[in-house]
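> test case, fold it:
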Amino acid sequence: MNIFNSLFANHIPLKKLNCMPSPKNKLGLWTSTSLVVGNMIGAGVFLVPAAMASFGSISLLGWVFAAIGTFFIARVFSGLSKMVPGVAGGLYAYTRHAFGDFAGFLVGWGYYISVITANAAITTAFVGALGTFFPILNSLDVHKYNPLVAASTGLGAIWLLTWINTRGIIAGGMVQLVTTIFKILPLVLIAVGGLFFIRAANFHPFNSSGFSVFGAITGAAAIAMFSLVGIESATIPAESIENPGKTIAKATMIGLAVTTAVYLLGSVSIMGIIPANVLQHSPTPYADAAEMIFGKGARYWASAGAAIAAFGCLNGWILIQGQIPFAIAQDKLFPGAFGWLNKKGTPYFGILISSILISVLMAMNYTKGLVEQFKFLSLLATINTLVPYIFCAAAYIIIRFTGKRPESGGWAAAIFIAIMAFAYSLWAIAGAGESSVFWGFLLILAGIPFYVWVLYKKKADSTDI
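Residues are numbered from 1 along each chain as shown. Predicted coordinates:
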């Protein structure tokens, strides 16, 4: 069957379909965990050690600080998944459950915009990772770089994964599981192998940032924090996860543990192998470390790992990009077309529209070059992911206090978890920078006229009946 015919074939309006997939079409614990790990570990992990090198080895404490803050956010999502089980939409659903339609819409809208812009950035990173094998895709080589070929490669990846994810959540989940395994393998090999090549002198100076100890830790943690975004991933397709009340909570915590271990151990090895003054200028720190450990040929499989990481991460977020508008459409706060499902039970319309927007956004910015484009798109995505964390931390307390499916545990512990998650998210927003907050705020407010139009349509439709 033609690929586009299969995408558009046999949609079923939401109100005519039982939206709960059968057990055999649901994601289990390990596939759900791979969604969390895969969405958190993208191609950016291969650049983080270089970004942190300017702080000195104190940056390792930044990882610890960021992991602790993300732990509280993970606990919030784990708790909410138990208190509001099996409801698709994750952050949107929890916010709407606690604060009502308008707040839920703003969070869902902002997060949806974040996913679209993040996917454009991830596609850019994927193309950049392939530049090791195909210089025509590498914007650093101005004599060989061809932006048209680079853009076409990115579009090909987007639409291949779009087609896969319209074949059902199991198809997308299996791609996620396989790519997560293959992306972690090179990271673990370099992280563990590097422990035997560490030189203590490379960890000096401890603080080369020029800031105080607290300022250096904060700066390093801000970089690490953006690498841990995606902890919420398993909550989004909750209706398609087996035994969501337990599975999502376990997948979220296991995913955080795996990701933190991979990031931290890898940073220790690379900082111990490559001197800081060299590391901070390296565009491929993992490839450099792999070459020092295993020989020259290792650079290529390390670069292949980066490409697989970006490809798998893009797959996971394309899966998410259809689930968010689908959940909002179920509550009649988005056009009903976003609730259309194909024969595989996939919200294909939301996936298609989102991929079109990603394609346009990516193509429009290819004149900037890969590095500049990645920075620009990451800037747009950051704030609209962090704001929902704030709302969910507050929703965690409100849902518990109102007695709606309370989670087990004491009130003091719940309040402490919510306060820590709220404070960390607020700090993270401040650390994102003025420009990020400015553009993120504008994008969120841009959704208000859309919300007014949706309410008008709802009222008009109810009057016609």
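> and the helix or strand harbouring Tyr286, what does it pack against?
Counting by DSSP states H and E, the element that carries Tyr286 is helix 285-294. For helix 285-294, the packing partners by 3 or more C-beta pairs under 8 Å, 6 or more residues apart in numbering; DSSP states H and E come out as helix 48-52, helix 169-194, helix 244-273, helix 298-330. Just so you know, the C-beta spots here come from the backbone N, C-alpha and C atoms, and that holds for glycine as well.
> following element in sequence after the last one, please.
Right, helix 298-330. From helix 298-330 onward toward the C-terminus, using DSSP H and E, the following helix or strand is helix 348-364.
> between that following helix and helix 298-330, how many degrees?
With axes from the mean of the first three to the mean of the last three C-alpha atoms, to 10 degrees as the basis, helix 348-364 and helix 298-330 are set at 130 degrees to each other.
> and helix 348-364, which residues are buried?
Judged by neighbour count (16 or more other C-beta atoms under 10 Å), helix 348-364 contains these buried residues: 348-355, 357-359, 361-363.
> coming back round to it: and the angle for the helix holding Tyr286 with helix 298-330?
Orientation of helix 285-294 against helix 298-330 (the same axes, to 10 degrees) gives an angle of 140 degrees.
> which parts of helix 285-294 are buried?
Judged by neighbour count (16+ other C-beta under 10 Å), helix 285-294 contains these buried residues: Pro285, Tyr286, Ala287, Asp288, Ala289, Ala290, Glu291, Met292, Ile293.
> still on that earlier bit, out of the helices and strands packed on helix 285-294, which is the most enclosed?
Looking across these with neighbours counted as mean count of other C-beta atoms under 10 Å, the highest average goes to helix 298-330: a mean of 26.
> what is it packed up against?
Under the contact criterion of 3+ C-beta pairs under 8 Å, 6+ apart, helix 298-330 touches helix 29-40, helix 91-99, helix 101-130, helix 147-166, helix 169-194, helix 285-294, helix 348-364.
> relative to Leu455, which of those helices is closest?
When the helices and strands packed on helix 298-330 are compared by C-beta to C-beta, helix 101-130 sits nearest Leu455, at 8.5 Å.
> circling back to that earlier point, got TSV for the helices and strands packed on helix 298-330, with distance to Tyr263 and mean pLDDT too?
Listed next are those as TSV, based on distance: least, C-beta to C-beta, whole Å; pLDDT from 0 to 100:
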stretch	distance to Tyr263	mean pLDDT
helix 29-40	9	84
helix 91-99	23	90
helix 101-130	16	85
helix 147-166	24	87
helix 169-194	9	84
helix 285-294	12	83
helix 348-364	26	84
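> for Lys250, which of these is the nearest?
Each of these was scored for nearness to Lys250 using C-beta to C-beta, and the closest is helix 29-40 (5.9 Å).
> which non-adjacent residue is nearest the residue most central in space within the chain?
Averaging the C-alpha coordinates of the chain gives a centre point, and the residue nearest to it by C-alpha atoms, centre = their mean is Gly230 (3.7 Å). For Gly230, the nearest residue in space outside its immediate sequence neighbours is Asn39; the separation is 3.6 Å by C-beta to C-beta, 6 or more residues apart in numbering.
> please tell me I have it right and that neighbour contacts Ala234.
No - with contact defined as C-beta atoms under 8 Å, Asn39 does not reach Ala234; the gap is 9.1 Å.
> any idea how far Ala287 is from Ala191?
The gap separating Ala191 from Ala287 is 14 Å, by C-beta to C-beta, to the nearest Å.
> element containing the residue nearest to the centre of the chain?
For Gly230, there is no host helix or strand (DSSP H and E).
> dihedrals phi and psi, it?
phi 120, psi 0 (degrees, to the nearest 10).
> contacting residues for it?
Val36, Asn39, Met40, Gly316 (C-beta atoms under 8 Å, 6 or more residues apart in numbering).
> show the contacting residues for the second one.
When you say that, I think you mean Asn39. Under the contact definition (C-beta under 8 Å, 6+ apart), the residues listed for Asn39 are Gly230, Ser233, Cys313, Gly316, Trp317, Ile320.
> go again with 10 Å.
Taking C-beta atoms under 10 Å, 6 or more residues apart in numbering as the contact definition, Asn39 lies against 115, 118, 122, 176, 180, 229-234, 236, 255, 259, 312-317, 319-320.
> just the last one next, same as before
Applying C-beta under 10 Å, 6+ apart, we find Gly316 in contact with 34-42, 119, 122, 161, 165, 172-173, 175-176, 179-180, 230, 233, 236.
> name the nearest residue to Gly173, sequence neighbours excluded.
Ranked by C-beta to C-beta, 6+ apart and with sequence neighbours excluded, the top spatial neighbour of Gly173 is Thr31, at 4.3 Å.
> thought the one you found was touching Ile181?
No - taking C-beta atoms under 10 Å as the definition, Thr31 is not a contact partner of Ile181, at 11.4 Å.
> shared neighbours, those two?
Gly38.
> give me the pLDDT for Tyr389.
pLDDT, Tyr389: 92.
> test my guess that it contacts Ser114.
No - counting by C-beta under 10 Å, Tyr389 stays clear of Ser114, with 11.2 Å between them.
> mutual contacts of the two, please.
Between them, Tyr389 and Ser114 share the neighbouring residues Val229, with contact defined by C-beta under 10 Å, 6+ apart.
> least confident secondary structure element in this structure?
The helix or strand of the chain with the poorest confidence is helix 3-8; it has a mean of 41 (mean pLDDT, DSSP states H and E).
> for Trp411, which non-adjacent residue is closest in space?
Nearest non-adjacent residue to Trp411, counting by C-beta to C-beta, 6+ apart: Arg400, 7.6 Å away.
> assumed the one you found was part of a helix.
Yes - inclusion of Arg400 in a helix is indicated when DSSP: H, G, I helix; E, B strand; the rest coil is applied.
> number of residues surrounding it?
The tally of other residues near Arg400 (other C-beta atoms under 10 Å) stands at 21.
> thinking it is in contact with Tyr94, fair?
No - with contact defined as C-beta under 10 Å, Arg400 does not count as touching Tyr94 (11.8 Å).
> where does the stretch 351-465 of the chain dip in pLDDT?
Scanning the stretch 351-465 of the chain for pLDDT under 70 picks out the ranges 364-380, 403-409, 431-433, 461-465.
> now with 50?
Using pLDDT under 50 as the threshold, the predicted model of the stretch 351-465 of the chain has low-confidence ranges 369-371, 406.
> so where do the helices sit in it?
Ranges of helices in the stretch 351-465 of the chain, per DSSP state H, counting those that start in this stretch, are 370-401, 411-431, 434-445, 448-464.
> any idea which of these is most buried?
Here the criterion is mean neighbour count by mean count of other C-beta under 10 Å, and of the helices of the stretch 351-465 of the chain the winner is helix 370-401, at a mean of 22.
> can you report phi and psi for the closest residue to Ile328 other than its chain neighbours?
The shortest distance from Ile328 to any residue other than its chain neighbours is 4.1 Å, reached at Phe334 (C-beta to C-beta, 6+ apart). Comment: the main-chain dihedrals of Phe334 come out as phi -130, psi 160, following degrees, to the nearest 10.
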